[in-house]
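Chemist: give me a model of this one.
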Amino acid sequence: MQVTFLGTSSGVPTLTRNVSAMVLKPPQRSDLWLFDCGEGTQHQFIRSNLKLSQIKKIFITHMHGDHIYGLPGLLASIGLAGSSSGIELYGPEPLENYIDACLYNSSSRLAYPLKFHKVENAAIKKAILFEDSELEVKAAPLKHRIPSFAYRVNQKSRPGRFDIEKAKSQRIPPGPVYAALQRGEEVQLDDGRIFSGKEFCGPIRPGISMVYCTDTVYTESAVEISQKADLLIHEATYAYQETEMAYQRGHSTATMAAQIAAKANVNQLILTHLSPRYTPANETSPNDLLNEAKAIFPNTQLAKDFLQIDLKKRCNSS
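Modeler: Numbering: from 1, shown residues only. Predicted coordinates:
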């Protein structure tokens, strides 16, 4: 999986940070999945190495403007380019009405279909929101001023690496038989010999997992959905000394984000959604938030716009 941050500020953009947007490129696919779409996100795409035409899914955490104001313009631009076969949108119930109203009142028509998926029921029931042969997505309710949801993307486990030389030594003909053995299936050759894929494959390779969690104050549901994730992307709007304000406004401090990461036993934490009040010139800087989190969870990194991460499985996975 590859993660690209396109917006890492909270509330309003700054000179160096746009408002919330993050792109996930699933493994071995050309598709792009967009998480949140703050104002100016399509401009961030232009400045990156990503292509709007490759967006296939959009996941919206909640209906605050700094997470959705860029969505109508982005969808319209994709439509004008005429390069999309359709986009699926996942988010809170009001999302469809919001998009329909924006398109209607701006006399915009899309040349491709949109399909909306409400996430509330799946989040409450802890059900799978999306699934195919390689990936699954789940959602969880968060604790914010309005309904807000975290998303977890799991890559499914894959068969172990196929030992081609061992197969050759058994005079097994290459082709579809190799593919079946690599899937762990049992095959019978024309000469009557029977082989099991387990004889030729190494240990099962666990998939990679990523959790995107914003906006929320500390909540156990964030801990639950983040359990043993390879990467947790979590908001850190405030510093510890402003904990009271964080609770009032339904946001997390860097300390809260680190506590969730530690309790969920994730591999890596990346802090995003930083308040624009924290700049290198101010009394409290983004690096102070980073150090605050690292004191609790050492494997923490600070997000910045256009940061790109190739996500790997933790070394001690089995």
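
Chemist: quick check: domain ranges of the protein?
Modeler: Under automatic domain parsing, the residue ranges defining each domain of the chain are 2-158+205-310, 164-199.

Chemist: hey, C-alpha coordinates of whichever helix or strand residue 80 is part of in CSV?
Modeler: Following DSSP states H and E, one finds residue 80 within helix 71-81. Extracted C-alpha coordinates of helix 71-81, given in CSV (Å, rounded to 0.1, in the frame of the first residue of the first chain):
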residue,chain,number,x,y,z
LEU,A,71,-15.5,17.3,-3.2
PRO,A,72,-18.0,19.0,-5.6
GLY,A,73,-15.2,20.7,-7.6
LEU,A,74,-13.1,17.5,-7.7
LEU,A,75,-16.0,15.4,-9.0
ALA,A,76,-16.9,18.1,-11.6
SER,A,77,-13.3,18.2,-12.8
ILE,A,78,-13.2,14.5,-13.2
GLY,A,79,-16.4,14.7,-15.2
LEU,A,80,-15.0,17.4,-17.5
ALA,A,81,-12.0,15.2,-18.2
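
Chemist: run a quick neighbour tally on the closest residue to residue 96 other than its chain neighbours.
Modeler: Excluding its sequence neighbours, the residue lying closest to residue 96 (C-beta to C-beta, 6 or more residues apart in numbering) is residue 116, at 4.3 Å. For every residue, glycine as well, the C-beta is placed using N, CA and C. Residues lying near residue 116 (other C-beta atoms under 10 Å) number 16.

Chemist: name all residues that make contact with residue 116.
Modeler: 88-91, 95-96, 99 (C-beta atoms under 8 Å, 6 or more residues apart in numbering).

Chemist: just the strands in the stretch 1-150 of the chain please.
Modeler: With DSSP state E, counting those that start in this stretch as the criterion, the stretch 1-150 of the chain has strands at 2-7, 21-25, 32-35, 55-59, 87-91, 114-118, 128-131, 135-141, 149-155.

Chemist: can you report phi and psi for the residue lying closest to residue 292 once chain neighbours are set aside?
Modeler: Spatial nearest neighbour of residue 292, chain neighbours left out: residue 254 (4.4 Å); criterion: C-beta to C-beta, 6+ apart. The phi/psi pair for residue 254 (degrees, to the nearest 10) reads phi -60, psi -30.

Chemist: right, and residue 280 touches residue 274 too?
Modeler: No. Using C-beta atoms under 8 Å, residue 280 is not in contact with residue 274; the gap is 11.9 Å.
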